[in-house]
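A.B. asks: got a predicted model here, sequence first, then my questions.
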Amino acid sequence: MENQQQPILDAIDPEITERLVSRRDAIRQGAGASSRLAAGLALGSVPVALAALSREAFAQTPAAILDVLKFAFILENLENEFYKAVLGTSALAAQNNAFAAVRALIPDAAKQAFQQIQKHEQQHVDFLKAVIPQFGGTVTTITAADFDFTGGNGSGTGPFIRATTELDFLLLATQAFEDTGVRAYKGQAGNLLINGNNSADVALESALRIHSVEARHAAKIRRIRRQRNTGDTSLRFSGYVRGGGVAAAGAGNITNPPAEVVAALNLIYGGATSESNTQHVVFNGTAAVTIDAAQLTGLGVISSGDRTAAATQAFDEPLTKDEVINIVKNFIKDDAARGLP
Amino acid sequence: MAKFDPAREGEPMVIRSAGELMFPATRRGFIRTLLAGGSVMLLPSVFTACSDDGDDNPLGPGPIPDPVTGVSFNLQSDVGIFQLLHLNEQLEAAFYTAVVASGTFSTLSGDERELLTDIRDTEIVHREFVRTALGSAALPDIRGSIDRNVLDQVLSSRVSILTLARTFENTGVAALNGAAKYLTDARNLLVAGKFASVEARHAAALEDVLPPAGVNANTAFAGDHLVDGTGRDVKLEAGVVLQKVAATGLLRAGTLAAAPITAGPTPLQGVATADFFPANP
């Protein structure tokens, strides 16, 4: 057995080996132990059980899920309070007043879309508020006063201040917020995966159902922008994100965008896995395979000049938690004590 | 090829067309199966001539293969869940390819033509990606199983095209939202997530261009018919997804097996949750 164990342990990084020492604790937690571990133990196969446990211990724990939910709660509050400020329904008069000028410019059809979106963000806040205690967490009180929608970290004069007076700028910022939300949830999905843990199943499924609602929002705002800029076909009527970085934002109708805004859009549509990425990894049961969607065979119906664009628009990409925090931190007033970045 | 589900080792070998016996590997398998005392099913399609040539072909390039029958899914692995995705993506890609090639297409607005062309291109990328990911476990080409009479009827009007498209996309979102929890590998889950938000963008756009009866056009993209009171999108378990796909009528009877799910997810993969889906998406 020694010679069978050795290659497996060699292949596991030292941090994991260290945590294997506490495997009994992991087993005792129960919720995290899956079929693979149980099967390995039942077979009496130490290598199989260890290999399974190394995955299980680093598959997710209820604590990891709580972390994701609390992170999502901050982002949903940010979105919800943003829309309330734009619509003039914030509990804080200063937030309503800040957006008074641009509010008067929003056409009724777009206003109805904003109201519908705000309703969902409030529902997401309420849903997370109800779910977090089920994972043993306490809900932080977050209010409109915690946010600076100009991206000024409390100054009220940050680089996004033109969103309070210019409709096209507001719509661009809104689209960017929504796409950040889509990418944030996508990046966290793997952290919610505990097969066979019913609470985790519900958390994962709920996060993905919120994720696709955010995608509907983002697509709608992009389409509203396209309808105001009919000549700009980089803003797809389909609401797709095509390409990556600032180019994927479709910011061509914003005159002299501040450098900080361009930098922010590069983060929002870029990152370690940019929206322009065409390479995706699948695990087929025995090996991880990287597939380049721009190099697939069988794309013949698509005009040859459109294949790379099609390959980028066909996949939305994730952001890591650190990337998301880097994007949103200047919209949230610092308060590390309450977990606000 | 004749066999697409490695999990069905030991089950009868299925020969769908005489052409398959032209492949040396199939011939060897055929003979080996007979020698081993196994059974070989010759589907009726083996005895019928190929009805479509590649020249008059709205479903995509290349000759249309004979219809496949009895397609079924074992959802106890990520492979089975991706096979379900492969069915949906094949059907969608074939449909949108036919839409863009149809006479009705030229009567649509510029925005609608852009939208449907974008969706066609995306679904083709999805189809080819999933096929590549599945490798030898990919489903066979199902274009021959599309009921051309039903398809022609749908293609005859803008409203029927957009209505079926809307159903497809909302079903696609719901299918991914329902199946993701059963995936066992986080990389596969991430890929499913990359697809899901794109399908949600399609669905939102189609709701905008043709909202269902009685739904406010300004909020249909994520209307109250699609998003529940907790702000969560549509979601369906796999069995209902297949019922919705069958209910479109686009697949010939018998394409899916009478019980198309041979094995559902185990409790160790995940537990089914309540579905949420409108009667008229």
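C.D. replies: Nice, I can see it.
A.B. asks: after the helix ranked longest in chain A, which helix or strand is next?
C.D. replies: In chain A, ranked by residue count with DSSP state H as the criterion, the top helix is helix A:198-228. Note on helix A:198-228: by DSSP states H and E, the next helix or strand toward the C-terminus is helix A:259-268.
A.B. asks: now do the following helix or strand past that next one, average pLDDT.
C.D. replies: The C-terminal neighbour of helix A:259-268 among helices and strands, as given by DSSP H and E, is strand A:279-283. Averaged across strand A:279-283, the pLDDT comes to 97.
A.B. asks: leaving out the residues flanking it, which one is nearest to the residue in the stretch 151-281 of chain B that chain A sits nearest to?
C.D. replies: For the stretch 151-281 of chain B and chain A, the shortest gap (Cβ to the nearest Cβ) falls at B:G231, measuring 3.1 Å. In short, each C-beta sits where N, CA and C put it, glycine included. Nearest non-adjacent residue to B:G231, counting by Cβ to Cβ, 6 or more residues apart in numbering or on different chains: A:Q123, 3.1 Å away.
A.B. asks: the one you found touches B:G229, doesn't it?
C.D. replies: Yes. Between A:Q123 and B:G229 a contact is recorded at 6.7 Å, counting by Cβ atoms under 8 Å.
A.B. asks: more neighbours: which of these two?
C.D. replies: A:Q123 (20 against 10; other Cβ atoms under 10 Å in any protein chain shown).
A.B. asks: by contact count, what packs against the helix or strand encompassing the more buried one?
C.D. replies: Per DSSP H and E: A:Q123 is located in helix A:108-131. For helix A:108-131, the packing partners by 3 or more Cβ pairs under 8 Å, 6 or more residues apart in numbering or on different chains; DSSP states H and E come out as helix A:62-87, helix A:167-188, helix A:198-228.
A.B. asks: could you rerun that using 6 Å?
C.D. replies: helix A:62-87, helix A:198-228 (3 or more Cβ pairs under 6 Å, 6 or more residues apart in numbering or on different chains; DSSP states H and E).
A.B. asks: to B:V209, which of those lies closest?
C.D. replies: Judged by Cβ to Cβ, the one of the helices and strands packed on helix A:108-131 that comes nearest to B:V209 is helix A:198-228, at 9.6 Å.
A.B. asks: now the helices for the stretch 151-281 of chain B?
C.D. replies: Under the criterion DSSP state H, counting those that start in this stretch, helices of the stretch 151-281 of chain B are mapped to B:158-179, B:186-209, B:238-247.
A.B. asks: buried stuff in the last one?
C.D. replies: What that stands for is helix B:238-247. B:238-242, B:244-245 (16 or more other Cβ atoms under 10 Å in any protein chain shown).
A.B. asks: same question, stretch A:161-181
C.D. replies: Of all the residues in stretch A:161-181, those buried under the rule 16+ other Cβ under 10 Å are A:161-164, A:166-181.
A.B. asks: TSV for the buried residues of helix B:238-247, including distance to A:L66 and pLDDT?
C.D. replies: Below are the buried residues of helix B:238-247 laid out as TSV (distance: Cβ to Cβ, whole Å; pLDDT from 0 to 100):
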residue	distance to A:L66	pLDDT
B:A238	29	98
B:G239	32	98
B:V240	31	98
B:V241	31	98
B:L242	35	98
B:K244	35	97
B:V245	37	97
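A.B. asks: now distance to chain A too, for those residues, in TSV please.
C.D. replies: Formatted as TSV, those follow (distance: Cβ to the nearest Cβ, whole Å):
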residue	distance to chain A
B:A238	13
B:G239	16
B:V240	15
B:V241	14
B:L242	19
B:K244	17
B:V245	19
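A.B. asks: B:P211: which of the residues you listed is nearest?
C.D. replies: B:K244 (19.4 Å).
A.B. asks: mind checking the SS state of the residue positioned nearest the centre of chain B?
C.D. replies: Against the mean C-alpha coordinate of chain B, by Cα atoms, centre = their mean, the closest residue is B:N88 at 1.8 Å. Using DSSP: H, G, I helix; E, B strand; the rest coil, the structure places B:N88 in helix.
A.B. asks: distance check, the closest residue to it other than its chain neighbours against A:G187.
C.D. replies: In space, and not counting its chain neighbours, B:N88 is closest to B:G172: 5.7 Å by Cβ to Cβ, 6+ apart. With distances taken as Cβ to Cβ, to the nearest Å, B:G172 is found 22 Å from A:G187.
A.B. asks: ok, now A:A101?
C.D. replies: From A:A101 over to A:G187 the distance is 35 Å, taken as Cβ to Cβ.
A.B. asks: higher neighbour count, the two?
C.D. replies: A:G187 (23 against 12).
A.B. asks: who's in contact with residue 187?
C.D. replies: Went with chain A since none was named. A:318-320 (Cβ atoms under 6 Å, 6 or more residues apart in numbering or on different chains).
A.B. asks: ah, no, chain B please
C.D. replies: A:281, A:283.
A.B. asks: quick one: closest of the helices and strands packed on helix A:108-131 to chain B.
C.D. replies: Chain B lies closest to helix A:198-228 among the helices and strands packed on helix A:108-131, at 3.7 Å (Cβ to the nearest Cβ).
A.B. asks: so the closest one, near chain B or not?
C.D. replies: Yes. Legend: contact between helix A:198-228 and chain B by Cβ under 6 Å from any Cβ of the partner chain is shown at A:198, A:201, A:204-206, A:208-210, A:212-213, A:215-216, A:219-220.
A.B. asks: pick the one among those residues closest to B:P260.
C.D. replies: Among the residues of helix A:198-228 next to chain B, and counting by Cβ to Cβ, the member closest to B:P260 is A:E205, at 22.1 Å.
A.B. asks: show the pLDDT at the spatially closest residue to that closest one that is not a sequence neighbour.
C.D. replies: Of all residues beyond its chain neighbours, the one nearest A:E205 is B:K181 (5.1 Å), with distances taken as Cβ to Cβ, 6+ apart. For B:K181, the pLDDT comes out at 97.
A.B. asks: verify the stated contact: B:K181 with A:A203.
C.D. replies: No. B:K181 is beyond contact range of A:A203, at 9.3 Å (criterion: Cβ atoms under 6 Å).
A.B. asks: if we can go back for a sec, so how far is A:A130 from the residue nearest to the centre of chain B?
C.D. replies: Counting by Cβ to Cβ - B:N88 and A:A130 are separated by 32 Å.
A.B. asks: and the strands in the stretch 1-150 of chain B, which stretches?
C.D. replies: With strands called from DSSP state E, counting those that start in this stretch, the stretch 1-150 of chain B shows them at B:13-15, B:40-42, B:71-74.
A.B. asks: give me the contact list for the longest one.
C.D. replies: Here strand B:71-74 makes contact (Cβ under 6 Å, 6+ apart) with B:7, B:80, B:83-84, B:255-257, B:260-263.
A.B. asks: in the residues you listed, which has the lowest confidence score?
C.D. replies: Of all those, B:A7 has the smallest pLDDT value, namely 43.
A.B. asks: buried ones in the longest strand belonging to chain B, by neighbour count?
C.D. replies: Using DSSP state E, we find that the single longest strand of chain B is strand B:256-263. Of all the residues in strand B:256-263, those buried under the rule 16+ other Cβ under 10 Å are B:256, B:260-262.
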